[in-house]
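> output the structure for:
(one chain, ligands or ions: 2)
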Amino acid sequence: MALLLGCIADDFTGATDLANTLVKNGMTAVQVIGVPSGPLPEADAIIIALKSRTVPVRQAVADSLAAAEALLGAGARQIFFKYCSTFDSTDEGNIGPVADALAARLGTGFAIACPAFPTAGRTIFQGHLFVGAALLNESGMENHPLTPMRDSNLVRVLARQTEASVGLVPFAVVDQGAFAIRQAMTRLTESGRRYGIVDAITDEHLVAIGEAVAAHALVTGGSGVAMGLPGNFRRAGLLPDRPDAATLPPAKGALAVLAGSCSRATLGQIGLARDHAPVLELDPLETPDAAVLTAQALTWAEGKLSEERPIIIAASAPPDRVAALQAKLGRDAAGALVEHVLANVAEALVQRGVGRLMVAGGETSGAVVTRLGVNALRIGAEIDPGVPWTYAEPNGIHLALKSGNFGTRDFFLKAFAHA
Ligand SMILES: Nc1ncnc2c1ncn2[C@@H]1O[C@H](COP(=O)(O)OP(=O)(O)O)[C@@H](O)[C@H]1O
Ligand SMILES: O=C(O)[C@@H](O)C(=O)COP(=O)(O)O
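Residues are numbered from 1 along each chain as shown. Ligands and ions are numbered 1, 2, ... in the order given. This is a model prediction of the structure:
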C-alpha cells in the first residue's frame, strides 16, 4: 500500500481527529507518535502527532520539518498540516512559522488555511471563526489556559504569525464550488498572498475546498477540510474502496477517564458524570505538588477499578482557579505540573489493569501518550465527531483522546458503550 497523504498534527487529539476523518472517508490511517525513527507503517495516510502547538517556535518548526522529511521519504504525495479547529496558537505561533517552514521545504508559494469543522460547530464567515453561535473570542476559548484566543479574525491572527501576506477566499466564492475556489486562489497568489483563509460553513464547502486543493503540495487546516482529500486520490485511481478501515482488536480491562482540559465542554461532561461514576477532582491550587497529587489519585482509585463503570480523575478547573494557579506558578509550569500528574496516574492505572482509557485535553493527551510509550494508534469507531476509539501499539490498550472542546455532555459515559 503506497502512502498518499502525509500529515503533521500539532497535538495528539488533533491527530486522532484527523485520522478519524480520513478513515471515515475511506482511507486507512495510522497515527504515529512523534517524529518516527524507523520505517513508517503501511497506510494510505500517516498522521505524525507532535506536541508542537505550545512549544517554543524553533522547536515546533524543527519537529515539523523532521516529520515532513519522514513523510516525504516514505513517498507522501501531499502534506497536510493539522492544527486546531479553534486555531489555538499565540501571537508568536506556532501555526504561521510551521506553515512557512513547510511551504519553503515543499517549494510552494501558496497554501490554504481552513480550520472549519461545521459538524463540531466551527464555521468561518468573512474570515471570522465561530464556535457554535459565538465568535471565537467569546466562545470560552478566550480563557484557554495555554492559547487564549482573543481575536476571531483569522486573517489578522495568521498575519501576526508570519511575514507572508494573508488573504481571504470568502463565502460567496466558496459557495460556487471548486472551480471558483481555484480561480480565487490563483488571484490571491498573483496579488502576492501566500496564504488564504478559506470561509466554510457546511461540509459541502469543505468537500469543494478539498477538491480545489488537489494539486497543492501543502494543505493546512483542521480535520474538516481533510474530508475532501480522499476523493482526490480516488479520482486519480490511487485509492481503492476500503470497507473495513475502522476495525480494532477487542477491548478489555478496567475503564478510566483522565481529564486535564479546562474547556467548557469538559467541565460540563465531568459535571454530568458525577451522578453516574466515581469522580475525583484534584486540586493543584491547594496542593501544587506532583508527587502528593499522584499519591492522592492512586489511593482514591484503589478498589474502584472496574470493567463496567469508569473512574474519572480530573484536574480540570474553571477559569478563575486556572488563573490562580498560573499566577502562583507561571502559565507553563502550571500546565506542566498537571500534565505530569496525569501522566503519572495514567502509567500507574495501566499497570493496575486499566485497558480502556479516555484522556480529555490535547496537551494532556500528549503527556499521557508519551509517558505510556505508545508508538502508534490504529483508528476505530467514532464516539462523537472528532473522537474515535484507538488501539495503542505496542501497549495493546484502547485509548480515546478527546479534544477538550469535543463531545456531548454525556460523552464520558457513552464512550464506554462503544469500547
Ligand atoms: N487546575 C488547573 N490549573 C491550571 N492549569 C490546568 C489545570 N488543569 C489542567 N490544566 C492545564 O491546562 C491545559 C489544558 O490544555 P489541554 O490538555 O490541551 O486541553 P484542551 O484540549 O481543552 O485544550 C493543560 O496544560 C493542563 O495541564
Ligand atoms: O481541531 C480540533 O478542534 C481538534 O482536533 C484539536 O486540535 C483538539 O485540540 P485540543 O482542544 O487542545 O484537544
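> tell me the phi and psi of the closest residue to Thr247 other than its chain neighbours?
Leaving aside its chain neighbours, Thr247 sits nearest to Gly380 (7.2 Å; criterion: C-beta to C-beta, 6 or more residues apart in numbering). Every C-beta, even on glycine, is put in place using the N, C-alpha and C of the backbone. Backbone torsions of Gly380, given as degrees, to the nearest 10, read phi -110, psi -150.
> what does the chain put close to ligand 2?
By C-beta under 6 Å from any ligand atom, the residues of the chain that approach ligand 2 are 11, 13-14, 17, 84-86, 88, 222-223, 361-362, 386, 403-405.
> what is the burial count for Gly237?
7 (other C-beta atoms under 10 Å).
> what's near enough to touch it?
Contacts for Gly237 (C-beta atoms under 8 Å, 6 or more residues apart in numbering) come out as none.
> quick check, it in a helix?
No: Gly237 sits outside any helix when classified using DSSP: H, G, I helix; E, B strand; the rest coil, being coil.
> that older thread, contacting residues for the residue nearest to Thr247?
246-248, 388-391, 398.
> burial measure for the residue in the stretch 301-419 of the chain that ligand 2 sits nearest to, as a count.
Closest contact between the stretch 301-419 of the chain and ligand 2, by C-beta to the nearest ligand atom, is at Gly362 (2.6 Å). The number of residues packed near Gly362 is 33, by other C-beta under 10 Å.
> right, and Ile33 touches Arg371 too?
No: counting by C-beta atoms under 8 Å, Ile33 does not reach Arg371; the two are 11.1 Å apart.
> those two: which has the busier surroundings?
Each of Ile33 and Arg371 has its neighbours counted (other C-beta under 10 Å); Ile33 has more, 23 against 17.
> roughly how far does the more buried one sit from ligand 2?
For Ile33, the distance to ligand 2 equals 15 Å [C-beta to the nearest ligand atom, to the nearest Å].
> equivalent analysis for Gly177, please.
Counting by C-beta to the nearest ligand atom - Gly177 and ligand 2 are separated by 25 Å.
> enumerate the residues of the stretch 101-250 of the chain near ligand 1.
Listed as neighbours of ligand 1 in the stretch 101-250 of the chain under the rule C-beta under 6 Å from any ligand atom: 145-146.
> which ones are touching the closest residue to Leu272 other than its chain neighbours?
Nearest residue to Leu272, sequence neighbours excluded (C-beta to C-beta, 6+ apart): Arg409, at 4.9 Å. Residues in contact with Arg409 (C-beta under 8 Å, 6+ apart) are 268-269, 271-272.
> in terms of pLDDT, where does Arg409 sit?
For Arg409, the model assigns a pLDDT of 95.
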